[in-house]
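# give me a 3D structure for the following:
(2 chains)
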2 protein chains.
Amino acid sequence: MQIAIDMMGGDYAPAEAIKGIVDWNKESEADTHLLLLGEEESLQSFLAEQQIPAELYTIISCPDVIGYHDNPIKALKEKPNSTIATGFGLLARQKADAFISAGNTGAMMVGSMFSLKPIEGLLRPTISTIIPRENGKTGLLLDVGINSDCKPEHLNQFASMGAAYAKIILGIENPRVGLLNIGEEKSKGNQLAQNTYPLLKANTNIHFVGNIEGRGILEDIADIIVCDGFTGNVLLKLLESIYPITLRQGIVHPYFKRFHFEQYGGTPVLGVSKPVIIGHGVSGSEAFKNMILLAEKMIQTNFIEAMQARL
Amino acid sequence: MQIAIDMMGGDYAPAEAIKGIVDWNKESEADTHLLLLGEEESLQSFLAEQQIPAELYTIISCPDVIGYHDNPIKALKEKPNSTIATGFGLLARQKADAFISAGNTGAMMVGSMFSLKPIEGLLRPTISTIIPRENGKTGLLLDVGINSDCKPEHLNQFASMGAAYAKIILGIENPRVGLLNIGEEKSKGNQLAQNTYPLLKANTNIHFVGNIEGRGILEDIADIIVCDGFTGNVLLKLLESIYPITLRQGIVHPYFKRFHFEQYGGTPVLGVSKPVIIGHGVSGSEAFKNMILLAEKMIQTNFIEAMQARL
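Have a look, this model is predicted:
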């Protein structure tokens, strides 16, 4: 399999991506070839320094980079030689089986939605975030920002996709799906939640456990919590703000350390026809290693096809 | 002024309410008469035990109580002699100037909306929560649960009411109002946020500072943050879950102690024609003391009229 990596995306590019590749190479047993997108000369010297075997990768020269403040749609059009535009081109032309970037998130989303085919029958792709629980487990909250206005059918599909991801990739046997809501009874909620409840209840591809209130997000009562992307994005950013607060307040605690979201590999775009993984801007080597391992697992398990079967 | 208090509401009724009255009496300089609603005999013995001067209060015998699990609408109808139904009756008949209860929140909301006149021109009443900030200040988030589906005009009125409350009651000179959103630019957000932005910008009764993302909720960048009641309620309950987590994890820290929301007095229902204050179910004596002081301040400052002028 061939995995394309944007080597210029992220605050510590390309050094952390290179280190991540070194660590990944020690751990992975798959027969993977990496397509490294970036400035050729710079990459050459970094790769040589780390003594990464030449047969492991091919450098694909991309002189341009889409910056964090670039307008995603405009930048993808005007910078065809950027790492992100090139990555999606490789996916679209079947030259790569997965694409990883810690670059401009908006450009990654736009690329996913417009360069790739959506999975047949899918209404909207989605992205999720990991939620750390006190018992050491993690939950999955989705959507966290692509779909700020949703319909019940969208949330129902997010539930199916999240459940497929939890089962196939995270190895949770019968993942519990909850609906984010403002009360436990099924009649509670805004129009969206009220109309989504019966769809989730009738969805035979998921194990629906009912409504989850705000106080239940950090509790281990659902493996997957679905919500509209407005609420999810506000929640994600609030949760992301907690770890820096503990740092400023001098609180060192293993549970709150798990709110350091940058440590997690990255989030896959669920619902597109190829594995696309978006990393955090401050991704370190561990995040890059984990993103490559995740891409391998998504390819090896035929995740896209398996998920498609559940929609 | 006459302030009615539901003595049977809350987990520690009536003991904590009685203690709160003792503490309030030491602090307050207002000429206030309390109307104590509850089981007469029980109240008599508690009041005698604490040697509360008899001229300070009148007991209004209410043999019924609306429980936490009672259906609000049904209970208000079927239990006319309950403390909550009686409290709203006193307000409606101008026999009380304010009403305080730590009882069934739903019944308090239903009573506020159907027993009292809304302020003229007001579309929907609202409730808020305090948000503790690291610098010791507090913000105000609203709506946190009455209005799960909102229109832009609703959020615009919440902003005006929140700003009036922050200025008149909390003493913040020129309170900064922010719109909860998923991006900083004015074009960001779901339909509701996108359409609310220009209304807030044009609202001359408030000092609008733009969009506030999830990461800005705990930062001191807006004194008031407005959102729909679905998002607000999820956020409130998530924030409420953090203090119990710190307790379970053995983290003792002054900032996280301020996430112990029960310590705050209670939340006023903004937008109704009389001061109504809803306390937390586990309100202790300090909460009751603060709720009476808040009711006094709302009456003394003619808060309702002042707020009405801003709508």
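# you'd agree A:Tyr12 is up against A:Ser283?
Yes. Using Cβ atoms under 8 Å, A:Tyr12 makes contact with A:Ser283 at a distance of 7.5 Å. Where C-beta positions appear, they are placed from N, C-alpha and C, glycine not excepted.
# tell me the confidence at A:Tyr68?
Predicted confidence (pLDDT) for A:Tyr68: 89.
# wait, what's in contact with the closest residue to it other than its chain neighbours?
Ranked by Cβ to Cβ, 6 or more residues apart in numbering or on different chains and with sequence neighbours excluded, the top spatial neighbour of A:Tyr68 is A:Asn104, at 5.7 Å. The neighbours of A:Asn104, taking Cβ atoms under 8 Å, 6 or more residues apart in numbering or on different chains as the test, are A:Gly9, A:Ile66, A:Gly67, A:Tyr68, A:Asp70, A:Pro72, A:Ala75, A:Ile84.
# now do A:Leu34
Applying Cβ under 8 Å, 6+ apart to A:Leu34 gives the contacts A:Gln2, A:Ile3, A:Ala4, A:Ile5, A:Ile21, A:Leu56, A:Tyr57, A:Thr58, A:Ile292.
# and the contacts of the one helix or strand the second one maps to?
Following DSSP states H and E, one finds A:Ile3 within strand A:2-6. The contact list for strand A:2-6, computed with Cβ under 8 Å, 6+ apart, reads A:17, A:21, A:32-38, A:60, A:83-84, A:86-87, A:90-91, A:95-103, A:288, A:292, A:295-296, A:299.
# please report how far A:Gly89 lies from chain B.
28 Å (Cβ to the nearest Cβ, to the nearest Å).
# which residues touch the closest residue to A:Ala163 other than its chain neighbours?
Nearest residue to A:Ala163, sequence neighbours excluded (Cβ to Cβ, 6+ apart): A:Ile206, at 4.6 Å. Counting by Cβ under 8 Å, 6+ apart, A:Ile206 touches A:Ala159, A:Ser160, A:Ala163, A:Pro175, A:Val177, A:Leu200, A:Ile224.
# may I see those residues organised as a markdown table, with secondary structure, neighbour count and pLDDT added?
Shown next, in a markdown table, are the contacts of A:Ile206 (DSSP: H, G, I helix; E, B strand; the rest coil; neighbours: other Cβ atoms under 10 Å in any protein chain shown; pLDDT from 0 to 100):
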| residue | secondary structure | neighbour count | pLDDT |
| --- | --- | --- | --- |
| A:Ala159 | helix | 26 | 98 |
| A:Ser160 | helix | 24 | 97 |
| A:Ala163 | helix | 26 | 97 |
| A:Pro175 | coil | 22 | 98 |
| A:Val177 | strand | 26 | 98 |
| A:Leu200 | helix | 23 | 98 |
| A:Ile224 | strand | 32 | 98 |
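# hmm, which two among those residues are most spread apart?
Maximum pairwise distance in the contacts of A:Ile206, criterion Cβ to Cβ, is 12.9 Å, between A:Pro175 and A:Leu200.
# quick one: the helices in the stretch 201-311 of chain A, in order.
Secondary structure of the stretch 201-311 of chain A by DSSP state H, counting those that start in this stretch: the helices cover A:229-240, A:242-248, A:254-257, A:285-300, A:303-308.
# could you dump those helices to CSV with mean pLDDT?
Listed next are those as CSV, based on pLDDT from 0 to 100:
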stretch, mean pLDDT
helix A:229-240, 97
helix A:242-248, 96
helix A:254-257, 96
helix A:285-300, 96
helix A:303-308, 93
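# go through the ones you listed and pick out the most buried.
Neighbour counts (mean count of other Cβ atoms under 10 Å in any protein chain shown) averaged over each of the helices of the stretch 201-311 of chain A peak at helix A:229-240, with a mean of 25.
# does that one reach chain B?
Yes. Between helix A:229-240 and chain B, judged by Cβ under 8 Å from any Cβ of the partner chain, the touching residues are A:Gly229, A:Phe230, A:Thr231, A:Asn233, A:Val234, A:Leu235, A:Leu236, A:Lys237, A:Leu238, A:Leu239, A:Glu240.
# nearest to chain B among those?
Nearest to chain B among the residues of helix A:229-240 next to chain B is A:Lys237, at 2.9 Å by Cβ to the nearest Cβ.
# just checking, that closest one touches B:Glu213?
Yes. Assessed by Cβ under 8 Å, A:Lys237 is found in contact with B:Glu213 at 5.1 Å.
# which residues do the two both contact?
With Cβ under 8 Å, 6+ apart, A:Lys237 and B:Glu213 have common neighbours B:Ile182.
# at the geometric centre of chain A, which residue sits there?
The centre of chain A sits closest to A:Thr267, judged by Cα atoms, centre = their mean, with a distance of 1.3 Å.
# for that residue, which non-adjacent residue is closest in space?
Among residues not flanking A:Thr267 along the chain, A:Ile127 sits closest, at 4.9 Å (Cβ to Cβ, 6+ apart).
# give me the neighbour count for that neighbour.
Residues near A:Ile127, counting by other Cβ atoms under 10 Å in any protein chain shown, number 27.
# for it, phi and psi?
phi -130, psi 150 (degrees, to the nearest 10).
# please apply the same query to the one 5 residues further on.
A:Pro132 has phi and psi values of phi -80, psi 130 when expressed as degrees, to the nearest 10.
# does it really touch A:Ile217, like I thought?
No. With contact defined as Cβ under 8 Å, A:Pro132 does not reach A:Ile217; the gap is 10.5 Å.
# returning to that earlier point: which one's more surrounded, A:Tyr12 and A:Ser283?
The neighbour comparison of A:Tyr12 against A:Ser283 (other Cβ under 10 Å) goes to A:Ser283, with 30 against 17.
# ok, now which ones touch that one?
Here A:Ser283 is in contact with A:Gly10, A:Asp11, A:Tyr12, A:Glu16, A:Ala17, A:Gly20, A:Ala102, A:Glu262, A:Gly266, A:Met291 (criterion: Cβ under 8 Å, 6+ apart).
# mind redoing it with 10 Å?
Applying Cβ atoms under 10 Å, 6 or more residues apart in numbering or on different chains, we find A:Ser283 in contact with A:9-13, A:16-17, A:20, A:100-103, A:262-266, A:289-291.
# go on, A:Gln308?
A:Gln308 makes contacts with A:Ile119, A:Glu120, A:Gly121, A:Leu122, A:Met161, A:Ala164, A:Gly271, A:Ser273, A:Asn302, as judged by Cβ under 10 Å, 6+ apart.
# tell me how far the last one lies from chain B.
Translated: A:Asn302. Taking Cβ to the nearest Cβ, one finds A:Asn302 at 33 Å from chain B.
# surely that residue meets A:Asp97?
No. Taking contacts as Cβ atoms under 10 Å, A:Asn302 lies outside contact range of A:Asp97: 11.0 Å.
# ok, those two, which is more surrounded?
Neighbours were tallied for A:Asn302 and for A:Asp97 using other Cβ under 10 Å; the higher tally belongs to A:Asp97 (20 against 12).
# mind checking how far that one is from chain B?
Taking Cβ to the nearest Cβ as the criterion, A:Asp97 is separated from chain B by 31 Å.
# just A:Arg93 next, same as before
Where chain B is concerned, A:Arg93 sits at a distance of 32 Å (Cβ to the nearest Cβ).
# tell me how many other residues surround that residue.
A:Arg93 has 8 neighbouring residues, counting by other Cβ under 10 Å.
# mutual contacts of A:Tyr12 and A:Ser283, please.
In contact with both A:Tyr12 and A:Ser283: A:Ala102, using Cβ under 10 Å, 6+ apart.
# circling back to that earlier point, against A:Gly162, how distant is the residue nearest to A:Ala163?
Distance of A:Ile206 to A:Gly162, given as Cβ to Cβ, to the nearest Å: 8 Å.
# repeat for A:Ile131
To A:Gly162, A:Ile131 is 12 Å away according to Cβ to Cβ.
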